[in-house]
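**Student:** Structure for the following, please:
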Amino acid sequence: MKPLLIIGIIMISTASALLFNYLNPEGLTIISVKQDESETPENRKIEFFKPINIETNDAYLLFTKELQFIDVRFPEEYRAGHIPNSMNLPFEHIKDAKEILAHLPQDTPLVIYGSKIDARLNNVAAEEIFRTGYKKVYIYSGGIDEWIRTGYQVIR
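**Tutor:** Numbering: from 1, shown residues only. As a prediction, this is how the structure comes out:
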């Protein structure tokens, strides 16, 4: 009887853990894969079904690879300070993104950013750009605020 009880407890525990892991978006790490430090989001084989959120370290790695950054803040905010080589596509003109970005091939990876305060607008802008046919769209959620706080270069 005791061996059956122990086996039952182990089976129930395993089933509970697997169910938790399946239902929890964060999950539990069952197998840890060491990631190459030199790997950037652009190097990873990612299939985009929607824009992908990235943090400051990934944004900087993409910046060093000279990806196209798009600032969706107002022109006066852009002129006050922006990420080098970024272009300004104010949120108010996001519906015209297809025409404004026509000079960029649709397989061009784009990093959308704005202000951390207006993160919701950054997401809406990225989704709109994604809908126009650009399928490698990143959303830098920290925006210019986090970029400056981290001490990275800003053009003023």
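
**Student:** Okay, and the spatially most central residue of the chain sits in which element?
**Tutor:** In the chain, the residue lying closest to the centroid (CA atoms, centre = their mean) is Asn53, at 2.0 Å. Under the criterion of DSSP states H and E, Asn53 resides in strand 52-54.

**Student:** Would you map the strands across this structure?
**Tutor:** 52-54, 68-71, 87-88, 110-113, 137-140 (DSSP state E).

**Student:** Can you tell me which of those strands is nearest to Ala97?
**Tutor:** With distances scored as CB to CB, the stretch of the strands of the chain nearest to Ala97 is strand 68-71 (8.8 Å). Yep, even glycine has a C-beta here, placed from its N, CA and C like the rest.

**Student:** so what secondary structure elements neighbour the closest one?
**Tutor:** strand 87-88, strand 110-113 (3 or more CB pairs under 8 Å, 6 or more residues apart in numbering; DSSP states H and E).

**Student:** These: which one's closest to Lys65?
**Tutor:** So among these, strand 110-113 is nearest, using CB to CB, at 10.1 Å.

**Student:** now what about that closest one, what contacts it?
**Tutor:** With contact meaning CB atoms under 8 Å, 6 or more residues apart in numbering, strand 110-113 is reached by 51, 54, 59, 62-63, 67-72, 83, 86, 101, 104, 122, 125-126, 129, 134, 136-140, 142-144, 147.

**Student:** mind listing what Ala59 touches?
**Tutor:** Ala59 neighbours (CB under 8 Å, 6+ apart): Val111, Tyr113, Tyr138, Tyr140, Gly142, Trp147.

**Student:** Sorry, wrong one. I was asking about Arg73.
**Tutor:** Arg73 neighbours (CB under 8 Å, 6+ apart): Asn88, Pro90, Phe91, Gly114, Ser115, Asp118, Ile144.

**Student:** for the residue lying closest to the fifth one once chain neighbours are set aside, what are its contacts?
**Tutor:** Closest residue to Ser115 apart from its sequence neighbours, by CB to CB, 6 or more residues apart in numbering: Gly143 at 5.1 Å. For Gly143, the contacting residues are Tyr113, Gly114, Ser115, Lys116, Asp118, Ala119, Asn122, by CB under 8 Å, 6+ apart.

**Student:** Let me know the pLDDT of the third one.
**Tutor:** Okay, so that is Ser115. pLDDT for Ser115: 93.

**Student:** Tell me how far it lies from Arg156.
**Tutor:** 16 Å (CB to CB, to the nearest Å).
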